[in-house]
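[1] Here's my sequence, what's the structure:
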Amino acid sequence: MTDGRPADPRPAGARPADGRAAKGRAPDGRASGAGPVRPGLVLAICCLSLFIVGLDNTILNVALPALGRDLDAPISGLQWTLDAYTLVLACLLLLGGSLGDRLGRRRVFRVGLVVFSAASLLCSLAPGLGALVGFRALQGVGGAMLNPVALSIITSVFPDGRRRARAFGVWGATAGLSLALGPVVGGLLVDTVSWRAVFWVNVPVGVAALLLTTRYVPESRAPAPRRLDPGGQVLVVVALATLTYAIIEGPHRGWGSPVIAGLFAASALAFAALLAWEPRRPEPLIDPRFFRSVPFTGTAVIAFAGFGALSGFLFLNTLYLQEVRALSPLEAGLWTLPMPAVSAVFAPVAGRLVAARGTRVPLVVAGTGMAAGAAWLAGAGAGTPAGSLIAAYVVFGVGFGMLNPPITTTAVAGMPRAQAGVAAGVASTSRQVGQSLGVAVVGSVVATAVAGDDIAGRFVAAAAPAWWIVTGCSVVVLAAGLVASGRWARGTAERAASRLGTGDVLPGEPAPAGAGTSS
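    Residues are numbered from 1 along each chain as shown. Coordinates of the predicted model:
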């Protein structure tokens, strides 16, 4: 305190020197790079990773019938081509976020781009269903190093809560755009080339993102990196893998078979062991203290239910349009286009609403829209008018477009900046677990009711209960959104943040109108 000013409480490596950032590190200790950080450009580069991941999901969905015919794959095989990716992604997302915080987010992000792009190329060359499933799992390894790390990078370059909410609105719009382009681009590629071509799109976009990341994205990491938790990581893998396998293979092996019963028991034991193991770790893979915050817990529930509904919608709708209505892949993609297109339009609207009024309004619209659209489709048959279907897609799309920004904002709001990667990883994991189990559950409901290979003849009746499951997941989004956005819930978030300890806390969301009433 030689110059009469109070001492800077930050570590020496993070303090500015003579009003400037220390070489290679920003004044707050978050980012390092060769030149000034351009937040808008960094956001655009991070969104490229989301684009190829989102595009990969919807492109593959529209290609499922052609893929199934070419590889002679049953419904369970189609489920595995989707879930091999989402399951591995869900299992490793928290590890990916932690590695980014520890080793450097740009470094881990670049490795993820290389692995994802290479695995996409291998998927296009897969000689059979088993190889394709394996390469899809490798894609999941790469994907686990992309989205949660990208969210942490965005958080580091947008420290202001309102600007961050708007940035997450752009992030959500990118998800909508990738969903919108996926069915059309995928349908065109399947119709003109083959289902293998749907994986080619990822390669040039991934290479471009890699080059841009190397040039423009600053390095950032947590000031106090967390230790890894291999025990917790193994338990997460066992719990999710055994549960998903049991759900997908249940219709084929029999729900009461010893194998399926044993897998369900193994999953339950792994979850119980995880709950007992994590509180004993000084730096757990999943910090139980996060869940003392009702908004954070609500975010995990909303992400799980919302993306379970989305994956169920995409899986059921693809089979319905191509197997029941006998549309080509391109025609099916064009019919579905209103859903993701509307989502892309409403995602930035949701971001602005979150920045100005909080998460309640977007979450209410999200749950209501998705539930109404799914319930509408539960009664769809072979002769349902096209206008009725498109209206249902629009309503569902409005709901899903409002979903992502409040999830992402609430996941990191009020959390210590040092744990931003872990907090974002929990939200992303909830999304992917929801997607994985959504496909597993609705696919198994259909497979149980469909006799043999008569998918077209039995699908409408078999899919009706599955559509109601999608509707139920959407109602959970609505209910959890109301609970997690009230005054009492925000109070629990403040108490949880104080227990997590550290003054470097990310700003929370603005209080919504009517915040004086509890919910």
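
[2] Any idea how many residues pack against Ala382?
    12 (other C-beta atoms under 10 Å). In short, each C-beta sits where N, CA and C put it, glycine included.

[3] Then it would be within a strand, right?
    No - secondary structure of Ala382 (DSSP: H, G, I helix; E, B strand; the rest coil): coil, not part of a strand.

[4] For the residue nearest the centre of the chain, which residues are in contact?
    Of all residues in the chain, the one closest to the mean position by C-alpha atoms, centre = their mean is Arg431, 4.0 Å from it. By C-beta atoms under 8 Å, 6 or more residues apart in numbering, the residues touching Arg431 are 303-304, 306-307, 407.

[5] Between all of these, which two are separated the most?
    The distance between the two most remote of the contacts of Arg431 (C-beta to C-beta) is 10.2 Å, for Phe304 and Ile407.

[6] higher neighbour count, those two?
    Ile407 (29 against 24).

[7] for the nearest residue to that one once chain neighbours are set aside, what are its contacts?
    Nearest non-adjacent residue to Ile407, counting by C-beta to C-beta, 6 or more residues apart in numbering: Ala303, 5.1 Å away. Residues near Ala303 by C-beta under 8 Å, 6+ apart: 407, 427-428, 430-431, 434.

[8] hmm, 7 Å instead?
    Applying C-beta atoms under 7 Å, 6 or more residues apart in numbering, one finds that Ala303 lies in contact with 407, 427, 430-431, 434.

[9] Ok, Pro329 next?
    Per C-beta under 7 Å, 6+ apart, neighbours of Pro329: 62-63, 66, 186-187, 190-191, 322.

[10] Lowest-confidence entry in the contacts of Ala303?
    Lowest pLDDT of the contacts of Ala303: Ala427, 77.

[11] Could you say which helix or strand holds the residue nearest to Ile407?
    Using DSSP states H and E, Ala303 sits within helix 294-319.

[12] Now that helix: buried residues?
    294-319 (16 or more other C-beta atoms under 10 Å).

[13] now the residue lying closest to Leu95 once chain neighbours are set aside: how far from Gly112?
    With sequence-adjacent residues excluded and distances taken as C-beta to C-beta, 6+ apart, Leu95 is closest to Gln233, at 5.7 Å. Distance check for Gln233 against Gly112: by C-beta to C-beta, to the nearest Å, it reads 17 Å.

[14] Show me which of those two is the more surrounded one.
    Neighbour comparison, Gln233 and Gly112: the larger count goes to Gly112, with 29 against 18 (by other C-beta under 10 Å).

[15] Count the neighbours of Phe275 for me.
    Heads up, residue 275 is Leu, not Phe. Using other C-beta under 10 Å, Leu275 has 12 neighbouring residues.

[16] OK, contacts around the spatially closest residue to Gly298 that is not a sequence neighbour?
    Nearest residue to Gly298 in three dimensions, chain neighbours excluded: Ala484, at 2.6 Å (C-beta to C-beta, 6+ apart). By C-beta under 7 Å, 6+ apart, the contact set of Ala484 is 294-295, 298-299.

[17] now with 8 Å?
    294-295, 297-299, 301-302, 359, 363, 410.

[18] Leu235 too?
    Neighbours of Leu235 in contact, by C-beta under 8 Å, 6+ apart: 270-271, 273-274, 277.

[19] From the contact counts, what lies against the helix or strand containing Arg110?
    Secondary-structure element containing Arg110, defined by DSSP H and E: helix 105-124. With contacts taken as 3 or more C-beta pairs under 8 Å, 6 or more residues apart in numbering; DSSP states H and E, helix 105-124 sits against helix 39-71, helix 75-103, helix 129-143, helix 147-157, helix 202-216, strand 219-220.

[20] May I see these organised as TSV, with distance to Thr174 added?
    TSV is the format used below for those (distance: least, C-beta to C-beta, whole Å):
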stretch	distance to Thr174
helix 39-71	4
helix 75-103	18
helix 129-143	15
helix 147-157	10
helix 202-216	12
strand 219-220	21
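
[21] related to what we said a few turns ago, with respect to Leu78, which of the contacts of Arg431 is nearest?
    For the contacts of Arg431, the nearest to Leu78 is Phe307 (18.5 Å; C-beta to C-beta).

[22] surely that closest one meets Ser436?
    No - the criterion here is C-beta atoms under 8 Å, and Phe307 misses it with Ser436 at 9.2 Å.

[23] Helix or strand: which one has Gly472?
    helix 455-484.

[24] For that helix, which residues meet the burial criterion?
    Buried residues in helix 455-484 (16+ other C-beta under 10 Å): 455-456, 458-460, 462-464, 466-467, 469-471, 473-484.

[25] Show the backbone phi and psi for the residue lying closest to Cys47 once chain neighbours are set aside.
    The spatial neighbour of Cys47 that comes closest, neighbours along the chain excluded (C-beta to C-beta, 6+ apart), is Thr174 at 4.1 Å. Backbone dihedrals for Thr174, given as degrees, to the nearest 10, come out at phi -60, psi -40.

[26] Could you pull up the contacting residues of Thr174?
    47, 50-51, 54.

[27] How much space separates it from Trp195?
    Thr174 is 25 Å from Trp195, by C-beta to C-beta.

[28] Model confidence for Ala372, exactly?
    Looking at Ala372, its pLDDT is 96.

[29] okay, now it: neighbour count?
    Around Ala372 sit 17 other residues, with neighbours defined as other C-beta under 10 Å.

[30] isn't it right up against Val395?
    Yes - between Ala372 and Val395 there is a contact under C-beta under 8 Å: 5.1 Å.

[31] Look up how far Met370 lies from Ala209.
    30 Å.

[32] quick one, which of these two is more surrounded?
    Met370 (31 against 28).

[33] Tell me the secondary structure at the more buried one.
    helix.

[34] contacting residues for it?
    306, 309-310, 396, 399-400, 403, 470, 473-474, 477.

[35] could you redo the last one with a cut-off of 6 Å?
    For Met370, the contact set (C-beta atoms under 6 Å, 6 or more residues apart in numbering) comprises 309, 396, 399-400, 474.

[36] who touches stretch 178-198?
    With C-beta under 6 Å, 6+ apart, stretch 178-198 has contacts from 51, 54-55, 58-59, 62-63, 66-67, 124, 328-330, 333, 336-337, 340-341, 344.
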